[in-house]
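In: Mind looking at a prediction? Sequence and model below.
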Amino acid sequence: MTLAVRIEHLRKSYGSVVAVEDVSFEVTAGEIFGVLGPNGAGKTTTLRCLCTLSRPDAGLVEVDGLSVTDQPRAARQRLGYVAQEVAIDKVLTGRELLALHAALYHLPKGAIADRIAAVSQLLELDDWLDRRCGTYSGGIRKRLDLATGLLHQPRLLVLDEPTVGLDIESRVVVWEFLRRLRAEGITILITSHYLEEIDALADRVAIIDRGQVIAVGSPSELKARVGGDRITLRLREFSPRDEAEQARELLKSLSCVQDVIINTAQGNSLNLVVDGQTDALATIQTSLQAAGLPTFGIAQARPSLDDVYLAATGRTLLDAELAAIASRDPKAEKKRAMQR
Ligand SMILES: Nc1ncnc2c1ncn2[C@@H]1O[C@H](COP(=O)(O)OP(=O)(O)OP(=O)(O)O)[C@@H](O)[C@H]1O
């Protein structure tokens, strides 16, 4: 089993902000590996350290067995990095943009036309190559971004949130291309805050939160690890805390209930893990009724990656996203993006 990426105890701070506290994971050659986490979890910083764009404060980061701090040039040569936002010149055609990137990668002049033809064929860009980039849809633009990352024939493609801002149809098309690249033997490391993207695409995933890895495994392993079906229960639209506590104690005593978490970010709703074999939903409703507790809404579902995140952090990915948005400083972010 060849390792394409090895990260051990990576740490990176910006002044007093700890962007990555302790991140470790390994990516096996030939797989699609997902890094899932809410905004601000440290995904971009981890990728930037891997791609030699930021220097780690501590820890080991290797690409194909090469340390990114000791052999940055050789490590960089082995990977293609597609950033979240790629600067685009709307006036250039796709072919001109690829030629520009080929020159930046120092590809031999004689090889450039062939490489452009090869990546264009792989990403089905032939019909677009001689049109101006300004006329491209988001999905075509993203395929051109992937093509630029593949020009120098890296065996590892690193993608930061490749489908952010795309509509669902375009996202599914990008996923298909990523699967195709994997079939060509290219290892793919992708970050995302879309659960369904990682679930649909990744062979294995590292879930990160506040600069730390909280779980690593295949999506199905991780989901199996958090146990049975999930029930989301709302006593009222916004339940008082003491009523939610009372319901939790009651529900915990039922034999079909394995665990109960109060989700304070969702009006003190209750997230239950239940035994999938029994009719837990009916048992729960009957017990609540007998205790004089109301039921505003109740729903049962199979475990998702969000349940893995919830079990480890006590909040859902969506709540973490909302909290991150609320604490954002758009001015500082814009300044940082311009510095990158
Ligand atoms: N250059 C920088 N200077 C100061 N703080 C930074 C810098 N880059 C990142 N941060 C902070 O480090 C933390 C992790 O940011 P990072 O961009 O790695 O997260 P992320 O998971 O990729 O989220 P996003 O998808 O929003 O980029 C955040 O709190 C962010 O504000």
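Out: That came in fine, so what should we check first? Here the structure is a predicted model, which means the values were calculated and not measured.
In: Residue numbers of this protein in contact with the ligand?
Out: By the criterion of CB under 6 Å from any ligand atom, the positions of the chain lying close to the ligand are 14, 17, 19, 37, 39-45, 161, 336. From N, CA and C alone the C-beta is placed, and that goes for glycine too.
In: Of the residues you listed, just the buried ones, ChimeraX syntax please.
Out: Here is the ChimeraX command that selects only those of these that count as buried (16 or more other CB atoms under 10 Å):
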select :19,37,39,40,41,42,43,44,45,161
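In: Longest helix in this structure, by number of residues?
Out: helix 168-183 (DSSP state H).
In: residues making contact with the very next helix or strand once past that one?
Out: Once helix 168-183 ends, the next helix or strand along the chain (criterion: DSSP states H and E) is strand 187-192. Residues outside strand 187-192 that contact it (CB atoms under 8 Å, 6 or more residues apart in numbering) are 4-5, 27-37, 43-44, 46-47, 50, 155-163, 178, 181-182, 197-198, 201-202.
In: Just the buried residues of strand 187-192, please?
Out: Residues of strand 187-192 classed as buried: 187-192 (neighbour count, 16+ other CB under 10 Å).
In: and which of those residues is nearest to the ligand?
Out: Closest approach to the ligand among these (CB to the nearest ligand atom): residue 191, at 6.5 Å.
In: Dig out what that closest one forms beta bridges with.
Out: Legend: beta-bridge partners of residue 191 under DSSP bridges are residue 35, residue 160.
In: picking up where we left off before, sort the buried residues of strand 187-192 by pLDDT and name the bottom one.
Out: In terms of pLDDT, residue 192 ranks lowest among those, with 91.
In: For it, give its distance to residue 3.
Out: Note on residue 192: its distance to residue 3, by CB to CB, to the nearest Å, is 22 Å.
In: cool, and residue 120?
Out: In this view, residue 120 and residue 3 are 31 Å apart by CB to CB.
In: can you give me the helices for the protein?
Out: Assignment of helices within the chain using DSSP H yields the ranges 43-50, 72-77, 94-104, 112-122, 138-150, 168-183, 195-201, 219-225, 241-252, 280-290, 305-313, 317-326, 330-339.
In: Ranking those helices by mean neighbour count, which comes first?
Out: helix 43-50 (a mean of 24; mean count of other CB atoms under 10 Å).
In: now for that helix, which elements pack on it?
Out: Taking 3 or more CB pairs under 8 Å, 6 or more residues apart in numbering; DSSP states H and E as the contact definition, the neighbouring helices and strands of helix 43-50 are strand 3-14, strand 17-28, strand 32-36, strand 58-63, strand 156-160, strand 187-192.
In: Give me the residues contacting that helix.
Out: When contacts are defined by CB under 8 Å, 6+ apart, helix 43-50 is touched by residues 5, 7, 10, 12, 19-20, 23, 35, 37, 54-56, 61, 63, 68, 79, 81, 84, 158, 160-161, 189, 191, 193, 208.
In: Buried only: go through those for me.
Out: Going by neighbour count (16+ other CB under 10 Å), the contacts of helix 43-50 have 5, 7, 10, 12, 19-20, 23, 35, 37, 54, 56, 61, 63, 68, 79, 81, 84, 158, 160-161, 189, 191, 193, 208 buried.
In: What mean pLDDT does stretch 168-181 get?
Out: Computed over stretch 168-181, the average pLDDT equals 92.
In: now do stretch 300-314
Out: This predicted structure assigns stretch 300-314 an average pLDDT of 87.
In: contacting residues around it?
Out: If you take CB under 8 Å, 6+ apart as the criterion, stretch 300-314 is touched by 36, 195, 198-199, 205, 207, 209, 214-215, 219, 222-232, 259, 261, 263, 271, 273-274, 280-281, 315-318, 320.
In: again with stretch 131-142
Out: The set of residues external to stretch 131-142 that reach it, using CB under 8 Å, 6+ apart, is 88-94, 97, 125, 128, 144, 162-163, 165-167, 169-170, 173-174.
In: Now do residue 81 against residue 33, distance only.
Out: When residue 81 is compared with residue 33 (using CB to CB), they lie 15 Å apart.
In: Okay, now the unreliable bits of the chain?
Out: Residue ranges of the chain with pLDDT under 70: 86-88, 276-277, 328-340.
In: domains for it, by residue range?
Out: 1-221, 227-301 (the TED database).
In: Let me have those domains in CSV, adding distance to residue 327 as columns.
Out: Listed next are those as CSV, based on distance: least, CB to CB, whole Å:
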stretch, distance to residue 327
domain 1-221, 8
domain 227-301, 14
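In: For residue 198, which non-adjacent residue is spatially closest?
Out: What sits nearest to residue 198 in space, not counting adjacent residues and going by CB to CB, 6 or more residues apart in numbering, is residue 34, at 3.9 Å.
In: and that neighbour, how many neighbours?
Out: A total of 27 residues lie near residue 34 under the criterion other CB atoms under 10 Å.
In: That one touches residue 200, doesn't it?
Out: No: judged on CB atoms under 8 Å, residue 34 makes no contact with residue 200 at a distance of 9.8 Å.
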